[in-house]
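1. Just a sequence and a predicted model for now, questions to come.
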Amino acid sequence: MKNRIILFLIFVIGLFANNCLQAQQKDILAATPPMGWISWNLFEGNISESIVMELADAMVENGLKDAGYQYIILDDLWHGGRDENGKVYPDKTKFPNGMKVVADYVHSKGLKFGIYTDIAEYTCAGMVGSLGFEESDAQTYAEWGVDYIKCDYCHAPEDLWTAIDRYNKFIKAVRATGRPMVFALCEWGQRAPWLWGEKVDAQLWRTTWDLRDTWEHGKYNGGHNGIMESLDRQVGLEKYAKPGRWNDPDMLVIGLNGTGASSSANGANGCSVIEYEAQFGLWALLSAPLLMTCDIRDMDSDTKRILTNHELIAVNQDKLGQQAKRIFKDDSKEIWAKQLHDGSWAIGFLNRNNNSVCKISLNFAELGIEQPKEIRDLWLHKNLELQNSDVLTLKVKSHECRVVKITSQ
């Protein structure tokens, strides 16, 4: 066991040294959490060139681009196969003009383009993976104009060492292309990627199994993971988040309303508006990637209102890059706190009770605030009147997360 630890430390030190030059670059990849849209929950394999172009149009026309969303990301099932030289190509029926044409269109809208692969022989859905083709795939993605790579871990060995070795090799190939591609490492938190994701130069790493479109499943495994189960697995991970390195509790299910095939599996059939609001507020506090999965071509008013809340997006995109810490928990009552670059605090008051409204109180001294200057409700978009200079008490509905910004004197 001692020898394994020593070998691991030597390996990590070596990786760190290799990445020193990368860290010295002026621009940090994903300096704030990535924001965009990803295809899996809604479309799965029913994705195409025309749909991607429609989504890019919608991103601009619906004000999502102006709100900060940048990426259009293809998940699994875009693949056609490999040619005689081993070069990957897209499904020719879905993408008849090739992937570069799709990427170019996305770029023409002022957006960025992302793609999916797996660090094994096959992807989760059985398409061609990148194992053994790391250099070829990295170069192909660069030629297409890819800006973001999501890399899964299906069909790969369970041990830690294989995961580190495979991801390290692939990311080195990606960096060797010279194109700045954000790398999203997706092994579902099973091998504690927050401990080594930075060392292999990933910009974000999944911390949970796939998120389902439900508030709470009551259990947690590969087929069961609700918003609350995912939230619980972020406790203690805040020390690993910073600009260019993000914990990823998975996609936003806001606006799906039970329409996603995989996201609606095993009894997950959608959330209420107040629950969708809570996910957005919590993911903003967590400095989590904000990747939409609903049909942004046809959003209802509540979905658009939630996804374009500019004050919460500002919390998510705050340049200090801190992830919120849970500072209070008492049965179903929780408080999450995130410090912002200007010295202010974003605070989430969460009521997990299934039925009852409750009151949750925060003592300002816990944050080192002697006397708050301003308390702003980021859902109501208005300042609150302070009844007590020492304590803030809020009434919180069942499954609600009220988020406020506290500015000190």
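-> The structure has been received and is ready for your questions.

2. Please make it C-alpha for all contacts and neighbour counts, starting now.
-> Fine.

3. Enumerate every residue touching the closest residue to Leu64 other than its chain neighbours.
-> Distances taken as Cα to Cα, 6 or more residues apart in numbering put Thr308 closest to Leu64, at 6.6 Å, once the chain neighbours are dropped. Counting by Cα atoms under 8 Å, 6 or more residues apart in numbering, Thr308 touches Gly63, Leu64, Ala67.

4. Take those residues and lay them out in a markdown table including neighbour count and secondary structure.
-> Converted to a markdown table, those look like this (neighbours: other Cα atoms under 10 Å; DSSP: H, G, I helix; E, B strand; the rest coil):
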| residue | neighbour count | secondary structure |
| --- | --- | --- |
| Gly63 | 13 | coil |
| Leu64 | 20 | helix |
| Ala67 | 17 | helix |
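
5. of the residues you listed, closest to Asn97?
-> Distances from Asn97 to these, taken as Cα to Cα, are shortest for Leu64 (26.7 Å).

6. Between the two ends of stretch 146-155, how far is it?
-> End-to-end distance for stretch 146-155: 24 Å, by Cα to Cα, to the nearest Å.

7. In it, which residues are buried?
-> Residues of stretch 146-155 classed as buried by neighbour count (16 or more other Cα atoms under 10 Å): Val146, Asp147, Tyr148, Ile149, Lys150, Cys151, Asp152, Tyr153, Cys154.

8. Next, check those residues against the strands and list the overlap.
-> The members of the buried residues of stretch 146-155 that map onto strands under DSSP state E are Tyr148, Ile149, Lys150, Cys151, Asp152.

9. Might one say that the last one is in contact with Thr123?
-> What that stands for is Asp152. Yes: using Cα atoms under 8 Å, Asp152 is in contact with Thr123, at 7.2 Å.

10. shared neighbours of those two, which are they?
-> Common contacts of Asp152 and Thr123 (Cα under 8 Å, 6+ apart): Thr117.

11. quick one: low-confidence ranges for this structure?
-> 1-26, 409 (pLDDT under 70).

12. same thing but at 50, please
-> Along the chain, the parts satisfying pLDDT under 50 run over 2-3, 6-7, 10, 14, 17-18, 20-25.

13. ranges for the helices of it?
-> Under the criterion DSSP state H, helices of the chain are mapped to 2-18, 20-23, 40-43, 49-61, 64-67, 99-108, 134-144, 160-176, 227-232, 273-285, 301-307, 310-316.

14. Those: which one's closest to Phe349?
-> For the helices of the chain, proximity to Phe349 was assessed by Cα to Cα; helix 273-285 is nearest, at 9.5 Å.

15. residues of that closest one that come out buried?
-> Result for helix 273-285 [16+ other Cα under 10 Å]: buried residues 273-285.

16. Stretch 152-169 now?
-> Asp152, Tyr153, Cys154, Ala156, Ala163, Ile164, Arg166, Tyr167, Asn168, Lys169.

17. now swap in stretch 355-369 and tell me
-> Those would be Cys358, Ile360, Leu362, Phe364, Ile369, for stretch 355-369 by 16+ other Cα under 10 Å.

18. do stretch 103-121 as well
-> 103-107, 111-121.

19. Excluding its own residues, what touches it? List them.
-> Residues outside stretch 103-121 that contact it (Cα under 8 Å, 6+ apart) are 53, 56-57, 60, 65, 70-76, 123-124, 128-132, 144-156, 166-167, 170.

20. mind checking how far it is from the chain centre?
-> How far stretch 103-121 lies from its chain's middle: 16 Å, per Cα atoms, centre = their mean, to the nearest Å.

21. That one: end-to-end distance?
-> Note: stretch 103-121 ends 25 Å apart using Cα to Cα.

22. which among the buried residues of helix 273-285 gets closest to Arg191?
-> After measuring those against Arg191 - Cα to Cα - the closest member comes out as Trp283, at 22.2 Å.

23. Does the closest one touch Leu291 like I think?
-> No: with contact defined as Cα under 8 Å, Trp283 does not reach Leu291; the gap is 10.2 Å.

24. Next one: the closest residue to Ala278 other than its chain neighbours from Tyr89, what distance?
-> Nearest residue to Ala278 in three dimensions, chain neighbours excluded: Cys401, at 4.8 Å (Cα to Cα, 6+ apart). Cys401 sits 44 Å away from Tyr89, taking Cα to Cα as the criterion.

25. re the thing from before, could the buried residues of stretch 152-169 go into TSV alongside distance to Ile296?
-> Converted to TSV, the buried residues of stretch 152-169 look like this (distance: Cα to Cα, whole Å):
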residue	distance to Ile296
Asp152	25
Tyr153	28
Cys154	28
Ala156	33
Ala163	34
Ile164	36
Arg166	35
Tyr167	32
Asn168	34
Lys169	35
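
26. of the buried residues of stretch 103-121, closest to Asp137?
-> Closest approach to Asp137 among those (Cα to Cα): Thr117, at 9.2 Å.

27. In terms of residue numbering, what are the domains of this structure?
-> Segmentation of the chain into domains, based on automatic domain parsing, reads 28-316, 325-408.

28. deepest of those, which one?
-> domain 28-316 (a mean of 20; mean count of other Cα atoms under 10 Å).

29. can you tell me the distance between the two ends of that one?
-> End-to-end distance for domain 28-316: 17 Å, by Cα to Cα.

30. Next: stretch 77-96.
-> 15 Å.

31. Name the residues that touch it?
-> 44-45, 47-49, 98-99, 125, 127-128, 133, 136-137, 140.

32. what about it, distance to the chain center?
-> Remark: stretch 77-96 is offset 27 Å from the chain centroid, using Cα atoms, centre = their mean.
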